[in-house]
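Engineer: next come a sequence and a model predicted from it.
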Amino acid sequence: MEGVGGEGASATAPLNQWRRDVWKLFQFYLDKSTPHAVYRWVGTAVLAFLYALRCYYVQGFYVVSYGLGIYLLNLLIGFLSPLVDPELEPSNGPMLPTKGSDEFKPFIRRLPEFKFWYAITKAFCVAFLMTFFSMFDVPVFWPILLFYWLVLFLLTMKRQIMHMIKYKYVPFNIGKQKYKGKKPSGSGGSTSRGD
């Protein structure tokens, strides 16, 4: 009787150690991929292409694709939204500038780019794996799902863009901002700096 608990515990110890080692290795490569955004997104695009090719080849899994689309739309909203929504919390924490005289505050996303990429990649992996099980291939008239998803996407994006316009924020960085200075007046008063 006394050896029963000890044998079970010793049998699971190597499994737990192996699981921990695999997780550490996975985390190591995930951390190494952090600065390589272009390569990460290219890999995810290849995975998305393979998923689309698989769905096209088997002519099914439209409900899985619809669920994937809804989840990706949810992630996109989190990616485009500020960490602190000025509509919900007008006075707590850092706020987005609403007037030209306000102090500049950087845009901080509710869902950072790396987590956005990681969630999308995991979603495509799970959806791709689901295409190998026929129980997820529910027969459905796919144009209705596509039309409904497009309407949902357009209405959601319209609301998000209106929110961006109302609170004057742009969730994208297009390179480093350069200060151009004031333009010289055209009244012939040019000065030379002696460079």
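Structural biologist: Cool, got the structure.
Engineer: next one: phi and psi at Pro82?
Structural biologist: When quoted as degrees, to the nearest 10, the phi and psi of Pro82 stand at phi -70, psi 160.
Engineer: let the chain start at 613 from now.
Structural biologist: Fine by me, first position is 613 from now on; the one you just mentioned is Pro694.
Engineer: check the offset of the lengthiest helix in the chain from the chain's centre.
Structural biologist: Identified as the longest helix of the chain according to DSSP state H is helix 614-644. Here helix 614-644 is found 31 Å from its chain centre; the criterion is C-alpha atoms, centre = their mean, to the nearest Å.
Engineer: what's the first helix or strand after that helix?
Structural biologist: As assigned by DSSP states H and E, the chain's next helix or strand after helix 614-644 is helix 649-670.
Engineer: using CSV, write out every CA atom in that next one.
Structural biologist: Taking C-alpha atoms only, helix 649-670 is exported to CSV below (Å, rounded to 0.1, in the frame of the first residue of the first chain):
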residue,chain,number,x,y,z
ALA,A,649,8.1,41.3,-36.8
VAL,A,650,8.2,41.0,-40.6
TYR,A,651,9.3,37.3,-40.5
ARG,A,652,6.7,36.5,-37.9
TRP,A,653,3.9,38.1,-40.0
VAL,A,654,5.1,36.3,-43.2
GLY,A,655,5.0,33.0,-41.3
THR,A,656,1.5,33.8,-40.1
ALA,A,657,0.4,34.7,-43.7
VAL,A,658,1.8,31.4,-44.9
LEU,A,659,-0.2,29.6,-42.2
ALA,A,660,-3.3,31.5,-43.2
PHE,A,661,-2.8,30.6,-46.8
LEU,A,662,-2.4,26.9,-45.9
TYR,A,663,-5.6,27.1,-43.9
ALA,A,664,-7.5,28.8,-46.8
LEU,A,665,-6.1,26.2,-49.2
ARG,A,666,-7.2,23.4,-46.9
CYS,A,667,-10.7,24.8,-46.7
TYR,A,668,-10.9,25.3,-50.4
TYR,A,669,-9.6,21.7,-51.0
VAL,A,670,-12.1,20.0,-48.8
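Engineer: what's it in contact with?
Structural biologist: 645, 673-674, 676-677, 680, 725, 729, 732-733, 736-737, 739-740, 743, 749 (C-beta atoms under 8 Å, 6 or more residues apart in numbering). To be clear about C-beta, it is placed using only N, CA and C from the backbone, and glycine gets the same treatment.
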